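Visitor: A predicted structure for the sequence below; I have some questions about it.
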Amino acid sequence: MRNLIIPISIACLSVAFTPIPASLPTPTTVISSQYSAIDGSSSLYENINLQQYGLSKEAFDYAYKGYQNLLKKNMISRSDYLTICDFSQPSRQKRLYIIDIASNELVLNTYVAHGKNSGAEYATRFSNSPSSLQSSLGFYITQDTYIGEHGLSLKINGVDRGFNDKASRRHIVIHGANYIDQSWLRHSPFMGRSYGCPAVPANECLTIINTIKNGTCLFIYHPYRKYLKGSKILNG
């Protein structure tokens, strides 16, 4: 695993990178463009041993399929990273995965919050509506950064029509938060929740944002049948 620490001249909490255990094998095989989406997905999933980090094959297959479809439509300007939020997992687990497609690596696995009205320990309800305080499923393209009330934040553009295309209007962004880290669990049975944003640990926000900003693919997954059947990116 590579440490991707990028200097930046703003005041932010120090970055603590979550290490991938050294006992797990480091993948070296790079996906060939001649693979089909299915073969490429299976190869990448197995080589990185994503199952051992808690990411289901189903979640990864959907993410990779949509990523490939967005590439074909020239909607991704940076194809090197694929980020997956697996909301089928409880918030107590590290369910955010940043995958380096080019080098066949998992570069970061950490916590991520779901919306306050999406559920407690598990996210079970999703919405595209403003003021819902719920998470929105589907595919996003990362944009530029700005400094807001949560410090460094990353804009994300929802491109799954009907499921997350109101993300910009809802001010759904990636930002750091102190309610989504290991220390929070000392006094709570589950992680804190956001107003719909995929909030990440404050001490990892700078690394996460600078790694995936400016045109990479983000997928927020849940085995929600209405989404899996209705997404034009998955089924178009």
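Guide: On my side now, so go ahead. Numbering: from 1, shown residues only.
Visitor: Only C-alpha atoms from now on, for both contacts and neighbour counts.
Guide: OK.
Visitor: helices or strands up against the helix or strand that contains Leu82?
Guide: Element membership for Leu82, per DSSP states H and E: strand 81-86. Applying 3 or more C-alpha pairs under 8 Å, 6 or more residues apart in numbering; DSSP states H and E, we find strand 81-86 packed against helix 57-72, strand 96-100, strand 217-221.
Visitor: next one: it to chain centre, how far?
Guide: Strand 81-86 sits 4 Å away from the centroid of its parent chain (C-alpha atoms, centre = their mean, to the nearest Å).
Visitor: Please enumerate the helices of this protein.
Guide: Under the criterion DSSP state H, the chain contains helices at 37-47, 57-72, 205-212, 225-230, 232-235.
Visitor: any idea of the angle the third one forms with strand 217-221?
Guide: Read that as helix 205-212. Going by axes from the mean of the first three to the mean of the last three C-alpha atoms, to 10 degrees, helix 205-212 is angled at 120 degrees with respect to strand 217-221.
Visitor: Report the mean per-residue pLDDT for helix 205-212.
Guide: Mean pLDDT, helix 205-212: 98.
Visitor: Would you convert the helices and strands packed on strand 81-86 into TSV that also reports mean neighbour count and distance to Leu154?
Guide: Shown next, in TSV, are these (neighbours: other C-alpha atoms under 10 Å; distance: least, C-alpha to C-alpha, whole Å):
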stretch	mean neighbour count	distance to Leu154
helix 57-72	19	19
strand 96-100	22	15
strand 217-221	25	12
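Visitor: what about stretch 106-115, start to end distance?
Guide: 25 Å (C-alpha to C-alpha, to the nearest Å).
Visitor: contacting residues around it?
Guide: 1-3, 17-20, 48, 53, 85, 87, 91-100, 123, 133-135, 180-181, 191-201 (C-alpha atoms under 8 Å, 6 or more residues apart in numbering).
Visitor: buried subset of the residues you listed?
Guide: 17, 48, 53, 85, 87, 91-100, 123, 133-135, 180-181, 191-201 (16 or more other C-alpha atoms under 10 Å).
Visitor: what's Ser77 in contact with, if anything?
Guide: With C-alpha under 8 Å, 6+ apart, Ser77 has these contacts: 214-216.
Visitor: Could you check the angle the lowest-mean-pLDDT helix or strand in the chain makes with helix 57-72?
Guide: The weakest-scoring helix or strand in the chain, judged by mean pLDDT, DSSP states H and E, is helix 37-47 (a mean of 81). For helix 37-47 against helix 57-72, the angle by the same axes, to 10 degrees is 130 degrees.
Visitor: Now helix 37-47: buried residues?
Guide: 37, 40-41, 43-45, 47.
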